[in-house]
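S.K.: Quick one, structure for this:
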Amino acid sequence: MFIKKEWFTEELIKKIEIAAKPIAEKYGQEIVDIAVSSNYRGQVIKITVGSKKGPAVSDLASITKEFNKFIESSKEKIIPFEFELEVSSPGIDRELRTFRDFYWNEGRTLKVLIKGTEKNINLEGMLIKAMEDKIIMLVKECETEIKYQEIIKAKIKIKF
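M.R.: This next block holds a predicted model:
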């Protein structure tokens with residue numbers, strides 16, 4: 001059985017967020033993203049949680065267990081279909097977009113593509129500080145301020 005696309009509304013996402021937020025906060029996590037999709041087995045609800053220290057595997061397992069228990073015991077039917085639940089961390093390879101993303105990754109080495117006057121510029125350096133309107137990176141021993149609107153793409157540099 002596949003659920004029609006209209007079930008995947010913003011209203012449904014909001015209901016899931018309202019239900020999941022206090023559970024995530026109980027384990028020191030914030031809701032980063034919620035997605036509802038289908039796969040060959042049925043519907044999948046993906047809840048991504050994170051924090052500055054990051055979630056432990058035990059946090060992810062506890063959030064999953066408590067969310068499922070809450071949905072099963074809820075008097076009102078929040079989710080109108082059978083589903084598989086996936087609770088995960090944002091992942092080290094995803095793009096950084098918001099102040100929160102950058103704040104959580106202070107002290108890490110980033111690869112950042114910024115808008116240049118003639119061509120775009122690639123920078124690599126350690127993220128020193130994230131502020132509401134800009135970040136400060138240490139690039140080649142120099143502190144460099146970058147406003148969020150100048151950033152085209154930013155990712156954590158994975159070290160092996």
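S.K.: going forward, measure contacts between C-alpha atoms and count neighbours the same way
M.R.: OK.
S.K.: hmm, who's touching the worst-scoring helix or strand of the chain on mean pLDDT?
M.R.: Within the chain, confidence by mean pLDDT, DSSP states H and E is lowest for strand 30-39 among all helices and strands, at a mean of 90. For strand 30-39, the external contacting residues (C-alpha atoms under 8 Å, 6 or more residues apart in numbering) are 2, 8, 13, 16-17, 20-21, 24, 43-51, 90.
S.K.: List the buried residues of it.
M.R.: For strand 30-39, burial by neighbour count (16 or more other C-alpha atoms under 10 Å) applies to 30-32, 34, 36.
S.K.: Show me the domain layout of this protein.
M.R.: 5-88, 99-156 (automatic domain parsing).
S.K.: looking at those, which one has the lowest mean pLDDT?
M.R.: Lowest mean pLDDT of the domains of the chain: domain 5-88, a mean of 89.
S.K.: Give the helix, strand or coil label for the residue of the chain most remote from its centre.
M.R.: Centroid-distance maximum for the chain: residue 118 at 32.4 Å, with C-alpha atoms, centre = their mean. Recorded secondary structure, residue 118: coil (DSSP: H, G, I helix; E, B strand; the rest coil).
S.K.: Report the secondary structure state of residue 49.
M.R.: Look at residue 49: counting by three-state DSSP, its state is strand.
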